[in-house]
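K.L.:
Give me a 3D structure for the following:
(chains A, B, C and D)
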Number of protein chains: 2
Amino acid sequence: MVTIRDVAKAAGVSPSTVSRCFTQPEIVEAATRERVLRIATHLDYRPNRAARGLITGRTGNLGLLLPDLANPFFPSIVKGIQHQAHLSEYQVFVVDTNEDPTVELGLVRSLAKQVDGMILCSPRMRPAELAEAATISPSVLVHRRAGSLPSVTIDNGDAMDQAVDHLAALGHQHIGFVSGPRRSWSGRQRLTGIHKAVAAHGISLDEIGHFAPTFDGGVAAAEGVLLSGVSAVVTYNDLIGLGLLSALRDRGVDVPGDISIVGVDDIPMSAMVQPALTTLSVPKEPSGRLAVDLMLRVLDRPSSRVPPAESLTCQLIVRQTTAPPNPRAAKRTPA
Amino acid sequence: MVTIRDVAKAAGVSPSTVSRCFTQPEIVEAATRERVLRIATHLDYRPNRAARGLITGRTGNLGLLLPDLANPFFPSIVKGIQHQAHLSEYQVFVVDTNEDPTVELGLVRSLAKQVDGMILCSPRMRPAELAEAATISPSVLVHRRAGSLPSVTIDNGDAMDQAVDHLAALGHQHIGFVSGPRRSWSGRQRLTGIHKAVAAHGISLDEIGHFAPTFDGGVAAAEGVLLSGVSAVVTYNDLIGLGLLSALRDRGVDVPGDISIVGVDDIPMSAMVQPALTTLSVPKEPSGRLAVDLMLRVLDRPSSRVPPAESLTCQLIVRQTTAPPNPRAAKRTPA
DNA sequence: GTGAAAGCGCTAACAG
DNA sequence: CTGTTAGCGCTTTCAC
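P.N.:
This is a model prediction of the structure:
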């Protein structure tokens, strides 16, 4: 392993000078800098970040906590985060909590020493725990807001507006919202959002159950949707929408003929399925990038008050699971 | 931040003793050990792994390189790797190369100092580069074999046997293999495997193009499949199979009525689509866990010759995209 | 503008 | 069994 001393010796300077060439290049004389850098390259010298971190207190690492990497919604976010982190020479530790809220805080603790900050993506822990996590390590929240912690979220209210506008324009008068996990921050946002949107249009809304945010959750929702007599639903996320779509078709219910479906997320699957799912596309890589930006800003001036919350807007993608309501369906739904 | 000295002072012992309590508990007297550990817990002391690494030369981190986290095949592997790594108190740096072979080696270099070893998952680099990577950091390969590097792969030959057995039993006489990236190690394995399998059954095989291992790649493959006149195909992976399925249906070709499809991987989507894709399920989390085991074994005794290559077997999952050949289809295919 | 010295938190000889 | 000493690779005062 080639150390800073090897470079120093080869360049005929002191280790301090070599160090400065990397950390504050401008304060070392151009000529020596060139020489040192050239020799460093030639020797394939790479600063040991752990050693550097020991003294600077900065590791150059970021931690990323997320509930389930196998949920197709998350990989794109991870990619966005990684991309942006690498631009600033940060590495990222990814930790999958397997949807278990009880391990989250412990993981933050065990990672704290090795990272400069944590990005908590859709964390399931309670607000008080979140506040504690932020105490342990500088944290930024993704897809959630809590206290005055920095966060990047999406505008769920606007998203619901778009969904309801679309459905109302198609002629739907009675729609449903298939909700996800009871404790999901986004879920609550979407629920209150759709209530408002629906009121503005003077159409009626049914809340349908709480279901796991998975394909199987959507399958389980089918019965409730049918019983409610709605002509269209917005689902908590695409996975539920896809499961619902599949279960409905299995029962001979036509989509969008009998029931329209709008999902949220725009996961890759939604475009691949037939009929392709109409959905609200939430910016994924951008969210990730923004989260890193926020993190870096926080790290740069820990005390100063940075804009703590960024909000991104979703985009409605009309595909094949939405259409005007079927008159027959209306008959099934006596007002 | 509480250091080893704080604990030492509070316990009335030297830092070395505290250190030993964590690294070699058995050599310190039971009574003192208890006391030290209790105080450490009470103070919420956690060893600084970077500082430890500086002297032991072991970081407690593993690096994981993979081509594309958004490919639904990889998340499960990552989960398996993480799970097993955490059991041994290892953290893992995940790096997504965006399918760019040219950056792989560089990433290995830049990560080398911060990890004890690298897990290279479906690496796209050339064998010589792979050898070089292994020089830089202890490496284990996943889904690829090269030289005598430790690796965990799947038995592609057996997988192709299973696929062809299934298709032959159904009565297919002329099948196709839709191949993926030209330089994929697994792809070559599967190709030679299916040639053998087909020969054993006395049925004929068409190789159809090289396509990107994506849904769109599968869409692009549809024309070639139709032109070839085969009554069934095995695709390089599920994503291609799914794209093909979709494109075929768009053209009014019935699956499995007119053409049967067998994929490889068993990604979540394959079970969710209608008709659900018959596929060869490759063990994903187990592969990941095994890779970590191998890594740890290598790290424990770097010199000794460990069993370098583990091979896992796939399991055929018969779903709805395979059926006996349609007589009409046979007409389209004059022998 | 550059070097010498000190020390980040920890472990590894080496004594005792 | 435990304490002392030295030093991992690096950055950072502080002199010069």
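K.L.:
Where does pLDDT dip in chain A?
P.N.:
Applying pLDDT under 70 to chain A flags residues A:302-304, A:328-335.
K.L.:
What sits closest to A:Glu129 if chain neighbours are left out?
P.N.:
Leaving aside its sequence neighbours, A:Glu129 sits nearest to A:Leu105 (C-beta to C-beta, 6 or more residues apart in numbering or on different chains; 5.2 Å). C-beta coordinates here come from the backbone N, C-alpha and C atoms, glycine included.
K.L.:
show me the contacts for the one you found.
P.N.:
A:Met125, A:Glu129, A:Glu132, A:Ala133 (C-beta atoms under 8 Å, 6 or more residues apart in numbering or on different chains).
K.L.:
Pick out the most distant pair among the residues you listed.
P.N.:
Within the contacts of A:Leu105, two members stand farthest from each other by C-beta to C-beta: A:Met125 and A:Glu132, at 8.8 Å.
K.L.:
So for the two, which residue has more residues nearby?
P.N.:
Neighbours per residue (other C-beta atoms under 10 Å in any protein chain shown) separate A:Met125 from A:Glu132, with A:Met125 holding more: 22 against 15.
K.L.:
Contacts only, for the more buried one.
P.N.:
Contacts of A:Met125 by C-beta under 8 Å, 6+ apart are A:Pro101, A:Glu104, A:Leu105, A:Ala133.
K.L.:
could you check the distance from it over to DNA strand D?
P.N.:
Counting by C-beta to the nearest atom of the strand, to the nearest Å, the gap from A:Met125 to DNA strand D is 34 Å.
K.L.:
can you give me phi and psi for the residue nearest to A:Glu129?
P.N.:
The phi/psi pair for A:Leu105 (degrees, to the nearest 10) reads phi -60, psi -40.
K.L.:
For it, give its distance to DNA strand C.
P.N.:
21 Å.
K.L.:
likewise A:Arg49?
P.N.:
From A:Arg49 to DNA strand C the distance is 12 Å (C-beta to the nearest atom of the strand).
K.L.:
How about the backbone phi and psi for the closest residue in space to that residue that isn't next to it in sequence?
P.N.:
Using C-beta to C-beta, 6+ apart and skipping residues adjacent in sequence, the residue nearest A:Arg49 is A:Gly60, 5.1 Å away. Dihedral pair for A:Gly60: phi 80, psi 10, per degrees, to the nearest 10.
K.L.:
Please apply the same query to A:Gly263.
P.N.:
According to degrees, to the nearest 10, A:Gly263 has phi -100, psi -180.
K.L.:
list the contacts for the closest residue to it other than its chain neighbours?
P.N.:
Leaving aside its sequence neighbours, A:Gly263 sits nearest to A:Gly241 (C-beta to C-beta, 6+ apart; 3.3 Å). Going by C-beta under 8 Å, 6+ apart, A:Gly241 touches A:Val178, A:Gly218, A:Thr235, A:Ile261, A:Val262, A:Gly263, A:Val264, A:Ser270, A:Leu277, A:Thr279, A:Thr321.
K.L.:
Repeat that for A:Val140.
P.N.:
A:Gly117, A:Met118, A:Ile119, A:Leu120, A:Leu149, A:Pro150, A:Ser151, A:Val152, A:Ala291, A:Leu294, A:Met295, A:Val298.
K.L.:
could you dump these to a markdown table with neighbour count, distance to B:Pro72 and secondary structure?
P.N.:
Shown next, in a markdown table, are these (neighbours: other C-beta atoms under 10 Å in any protein chain shown; distance: C-beta to C-beta, whole Å; DSSP: H, G, I helix; E, B strand; the rest coil):
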| residue | neighbour count | distance to B:Pro72 | secondary structure |
| --- | --- | --- | --- |
| A:Gly117 | 24 | 29 | strand |
| A:Met118 | 26 | 26 | strand |
| A:Ile119 | 29 | 22 | strand |
| A:Leu120 | 27 | 24 | strand |
| A:Leu149 | 20 | 31 | coil |
| A:Pro150 | 22 | 31 | coil |
| A:Ser151 | 23 | 28 | strand |
| A:Val152 | 27 | 25 | strand |
| A:Ala291 | 28 | 23 | helix |
| A:Leu294 | 23 | 29 | helix |
| A:Met295 | 24 | 28 | helix |
| A:Val298 | 20 | 33 | helix |
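K.L.:
Show me what from the stretch 151-300 of chain A comes close to chain B.
P.N.:
A:Phe215, A:Leu242, A:Gly243, A:Ser246, A:Arg249, A:Pro268, A:Met269, A:Met272, A:Val273, A:Gln274 (C-beta under 8 Å from any C-beta of the partner chain).
K.L.:
buried sites along stretch A:91-99?
P.N.:
Residues of stretch A:91-99 classed as buried: A:Gln91, A:Val92, A:Phe93, A:Val94, A:Val95, A:Asp96, A:Thr97, A:Glu99 (neighbour count, 16 or more other C-beta atoms under 10 Å in any protein chain shown).
K.L.:
Which phi and psi values does the first one adopt?
P.N.:
Backbone dihedrals for A:Gln91, given as degrees, to the nearest 10, come out at phi -100, psi 160.
K.L.:
For it, give the beta-bridge partners.
P.N.:
Per DSSP bridges, the residues bridged to A:Gln91 are A:Asn61.
K.L.:
now swap in the fifth one and tell me
P.N.:
In this structure, A:Val95 has beta-bridge partners A:Leu65, where bridges are defined by DSSP bridges.
K.L.:
Hmm, it is touching A:Pro67, no?
P.N.:
No - A:Val95 is not in contact with A:Pro67 according to C-beta atoms under 8 Å; the separation is 10.3 Å.
K.L.:
Any idea how many residues pack against the nearest residue to A:Trp185 once chain neighbours are set aside?
P.N.:
Nearest non-adjacent residue to A:Trp185, counting by C-beta to C-beta, 6+ apart: A:Arg144, 4.4 Å away. Per other C-beta under 10 Å, the neighbour tally for A:Arg144 reads 21.
K.L.:
hang on, isn't A:Arg144 packed against A:Gln189?
P.N.:
No - if you go by C-beta under 8 Å, A:Arg144 and A:Gln189 don't touch, sitting 9.4 Å apart.
K.L.:
so how far is the strand or helix carrying A:Gly243 from its chain's centroid?
P.N.:
In the assignment (DSSP states H and E), A:Gly243 maps to helix A:238-250. Put simply, helix A:238-250 sits 23 Å off its chain's centre (C-alpha atoms, centre = their mean, to the nearest Å).
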